[in-house]
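Student: here is my input; please provide its structure:
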Amino acid sequence: HVQLVGSGGGSVQAGGSLRLSCTTSGYHSYCRYDVNWYRKALEKEREFVSSVTSDGTTTYADSVKGRFTVSQDSAKKVVYLQMNNLKPEDTAMYYCKTDANCEYGGSWTDAVWGQGTQVTVS
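Tutor: The predicted structure follows:
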(Lines give C-alpha, C1' and ligand atoms only; values in the text may rest on other atoms or scores of the structure.)
Protein backbone atom coordinates (compact mmCIF):
# COMPACT_ATOMS: atom_id res chain seq x y z
CA HIS A 1 0.00 0.00 0.00
CA VAL A 2 1.13 3.52 -0.74
CA GLN A 3 2.12 5.45 2.36
CA LEU A 4 3.19 9.05 2.77
CA VAL A 5 5.04 10.57 5.70
CA GLY A 6 5.18 14.32 5.92
CA SER A 7 7.86 16.05 7.96
CA GLY A 8 9.90 19.22 8.30
CA GLY A 9 7.37 21.57 9.84
CA GLY A 10 8.22 23.92 12.68
CA SER A 11 8.03 27.44 13.99
CA VAL A 12 9.85 30.28 12.25
CA GLN A 13 9.78 34.02 12.17
CA ALA A 14 8.36 35.90 9.20
CA GLY A 15 10.87 35.95 6.37
CA GLY A 16 12.33 32.62 7.39
CA SER A 17 12.44 29.32 5.51
CA LEU A 18 11.43 25.72 6.01
CA ARG A 19 11.68 22.65 3.85
CA LEU A 20 8.92 20.10 4.09
CA SER A 21 9.45 16.51 3.00
CA CYS A 22 6.94 13.94 1.84
CA THR A 23 8.51 10.48 1.96
CA THR A 24 6.65 7.96 -0.16
CA SER A 25 6.62 4.19 -0.14
CA GLY A 26 4.66 1.37 -1.72
CA TYR A 27 4.57 2.85 -5.20
CA HIS A 28 3.58 0.45 -7.98
CA SER A 29 5.50 0.35 -11.25
CA TYR A 30 2.26 0.35 -13.25
CA CYS A 31 1.06 3.64 -11.75
CA ARG A 32 2.04 7.24 -12.36
CA TYR A 33 1.99 9.40 -9.28
CA ASP A 34 1.42 13.11 -8.94
CA VAL A 35 2.22 14.58 -5.53
CA ASN A 36 0.31 17.54 -4.17
CA TRP A 37 0.75 19.76 -1.16
CA TYR A 38 -2.28 21.18 0.62
CA ARG A 39 -2.61 23.23 3.76
CA LYS A 40 -5.35 23.91 6.27
CA ALA A 41 -5.30 26.84 8.63
CA LEU A 42 -7.58 27.11 11.64
CA GLU A 43 -11.09 28.21 10.71
CA LYS A 44 -10.23 28.15 7.00
CA GLU A 45 -10.91 25.74 4.21
CA ARG A 46 -8.18 23.39 3.04
CA GLU A 47 -6.38 24.90 0.08
CA PHE A 48 -4.09 23.69 -2.66
CA VAL A 49 -0.48 24.84 -2.37
CA SER A 50 1.60 23.09 -5.00
CA SER A 51 1.98 19.94 -7.05
CA VAL A 52 4.53 18.03 -9.08
CA THR A 53 3.43 15.51 -11.68
CA SER A 54 5.10 12.25 -12.54
CA ASP A 55 6.77 13.96 -15.52
CA GLY A 56 8.02 16.84 -13.38
CA THR A 57 5.49 19.54 -14.20
CA THR A 58 5.00 21.87 -11.25
CA THR A 59 2.05 24.03 -10.27
CA TYR A 60 1.67 26.64 -7.53
CA ALA A 61 -1.11 28.55 -5.87
CA ASP A 62 -0.88 32.28 -6.58
CA SER A 63 -0.33 32.95 -2.89
CA VAL A 64 2.96 31.04 -2.85
CA LYS A 65 4.36 31.63 -6.32
CA GLY A 66 7.89 32.95 -6.20
CA ARG A 67 8.32 31.85 -2.58
CA PHE A 68 7.73 28.09 -2.59
CA THR A 69 9.44 25.49 -4.74
CA VAL A 70 8.37 21.88 -5.10
CA SER A 71 10.85 19.24 -6.20
CA GLN A 72 11.26 15.51 -6.11
CA ASP A 73 14.08 13.09 -5.58
CA SER A 74 12.87 10.08 -7.54
CA ALA A 75 15.66 7.85 -6.30
CA LYS A 76 14.81 8.54 -2.67
CA LYS A 77 11.10 8.77 -3.41
CA VAL A 78 10.85 12.04 -1.54
CA VAL A 79 9.02 15.18 -2.58
CA TYR A 80 10.15 18.45 -1.08
CA LEU A 81 8.43 21.78 -0.57
CA GLN A 82 10.98 24.53 -0.03
CA MET A 83 9.26 27.48 1.56
CA ASN A 84 11.07 30.82 1.61
CA ASN A 85 10.07 34.27 2.78
CA LEU A 86 7.40 32.77 4.99
CA LYS A 87 4.53 34.94 6.11
CA PRO A 88 2.18 34.62 9.09
CA GLU A 89 -0.61 33.74 6.66
CA ASP A 90 1.36 30.62 5.70
CA THR A 91 0.67 29.23 9.17
CA ALA A 92 -1.23 25.97 8.69
CA MET A 93 -1.08 22.21 8.83
CA TYR A 94 0.53 21.05 5.61
CA TYR A 95 -0.40 17.74 4.00
CA CYS A 96 1.00 15.85 1.04
CA LYS A 97 -1.23 13.71 -1.14
CA THR A 98 -0.61 11.43 -4.09
CA ASP A 99 -2.92 11.02 -7.04
CA ALA A 100 -2.21 7.78 -8.84
CA ASN A 101 -3.16 6.86 -12.39
CA CYS A 102 -2.72 3.13 -12.85
CA GLU A 103 -2.93 0.73 -15.76
CA TYR A 104 -2.65 -3.02 -15.26
CA GLY A 105 -5.21 -5.06 -17.09
CA GLY A 106 -7.50 -2.04 -16.70
CA SER A 107 -7.16 1.51 -15.50
CA TRP A 108 -8.03 3.19 -12.21
CA THR A 109 -7.13 6.12 -10.02
CA ASP A 110 -6.34 6.34 -6.35
CA ALA A 111 -5.51 9.00 -3.81
CA VAL A 112 -3.59 8.72 -0.54
CA TRP A 113 -3.06 11.41 2.08
CA GLY A 114 -0.11 11.66 4.42
CA GLN A 115 -0.29 12.93 7.96
CA GLY A 116 0.12 16.65 8.36
CA THR A 117 3.10 18.66 9.52
CA GLN A 118 2.51 21.95 11.29
CA VAL A 119 4.05 25.18 10.06
CA THR A 120 3.80 28.23 12.30
CA VAL A 121 5.07 31.64 11.20
CA SER A 122 5.14 34.51 13.66
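
Student: quick check: mean pLDDT of stretch 38-52?
Tutor: On average, the pLDDT along stretch 38-52 is 97.

Student: actually stretch 26-34, sorry about that
Tutor: Here the average pLDDT along stretch 26-34 is 91.

Student: just stretch 75-84 next, same as before
Tutor: For stretch 75-84, the mean per-residue pLDDT is 93.

Student: quick one, helices of this structure?
Tutor: Here the chain has no helices by DSSP state H.

Student: hey, what's residue 78 bridged with?
Tutor: residue 23, residue 73 (DSSP bridges).

Student: so how far is residue 52 from it?
Tutor: 11 Å (Cβ to Cβ, to the nearest Å). Glycine gets a C-beta too; all of them are placed from N, C-alpha and C.

Student: residue 4 too?
Tutor: Applying Cβ to Cβ to residue 4 and residue 52 gives a distance of 14 Å.

Student: next: residue 9.
Tutor: 19 Å.

Student: of residue 4 and residue 52, who's got more company?
Tutor: Higher neighbour count among residue 4 and residue 52: residue 52, with 22 against 19, using other Cβ atoms under 10 Å.

Student: next, count neighbours for residue 9.
Tutor: Residue 9: 19 surrounding residues under other Cβ under 10 Å.

Student: is it in contact with residue 115, as I believe?
Tutor: No: when contacts are counted by Cβ atoms under 8 Å, residue 9 is not listed as touching residue 115 (10.7 Å).

Student: now what about the longest strand along the chain, what contacts it?
Tutor: Criterion DSSP state E: the longest strand present in the chain is strand 92-103. Contacts of strand 92-103 with the rest of the structure, by Cβ atoms under 8 Å, 6 or more residues apart in numbering, involve 2, 4, 6, 9, 20, 22, 24, 28, 30-41, 44, 46, 49, 79, 81, 107-119.

Student: buried stuff in it?
Tutor: 92, 93, 94, 95, 96, 97, 98, 99, 100, 102 (16 or more other Cβ atoms under 10 Å).

Student: that'll do, ta.
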